[in-house]
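Engineer: Any chance you could fold what I've pasted below:
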Amino acid sequence: MIKFINKILILLLILTIISNGSDFEKDEQVPIGIEEQLGSYIPLDAEFITSTGDTVTIGELSDKPFILDVVYYNCPGVCHPLLTELLWAVDRIEMEPGKDFKVITLSFDQTETPELAATWKKNYLAAVSS
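Structural biologist: Numbers count the residues shown, from 1 in each chain. The predicted model follows:
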């Protein structure tokens, strides 16, 4: 259990980010679909807003390998179990989060705020450390 708590404390380094949705009005309907981009990369200058409200780019975050989980915090279904299982899995690998790799959570809901991301980050870390 101590090992688990130590890893969770390291997870405090998790950078929970929210996509910068300033291109869309909140009442504007955005088409939803899947467009395969096999072999493509996320542009290193793609900007995101962190759970503390800072703007960062993927290039700034990619100084080491990272797990990118794409969810939204007000998700009524699979997003919360996905995050819970991710934390469970991170605890069971031999690599150290924060040292050997990062875990980045990206919300695809442009209406979600940095404050909401910070709340969920705090809640998940508290839940697994107790």
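Engineer: Low-confidence regions, this structure specifically.
Structural biologist: Along the chain, the parts satisfying pLDDT under 70 run over 1-31, 125, 127-130.
Engineer: One more pass at 50, please.
Structural biologist: Filtered on pLDDT under 50, the chain yields the residue ranges 1-2, 4-24.
Engineer: What segments of it are helices?
Structural biologist: In the chain, the helices defined using DSSP state H lie at 2-10, 58-61, 79-91, 114-129.
Engineer: Return the distance of the shortest one from the chain's centre.
Structural biologist: Between the centre of helix 58-61 and the centre of its host chain there is 13 Å, according to Cα atoms, centre = their mean, to the nearest Å.
Engineer: who touches it?
Structural biologist: Helix 58-61 is touched from outside by 15, 17, 42, 43, 44, 45, 46, 48, 102, 104, with contacts defined as Cβ atoms under 8 Å, 6 or more residues apart in numbering. Placement of C-beta: from N, CA and C, glycine included.
Engineer: Okay, the most centrally placed residue in the chain and residue 54: tell me how far apart.
Structural biologist: By Cα atoms, centre = their mean, the mean C-alpha position of the chain lies nearest to residue 105, the distance being 0.6 Å. Note on residue 105: its distance to residue 54, by Cβ to Cβ, to the nearest Å, is 15 Å.
Engineer: Between the contacts of helix 58-61, identify the one with the most neighbours.
Structural biologist: Greatest neighbour count in these, by other Cβ atoms under 10 Å, goes to residue 17: 24 neighbours.
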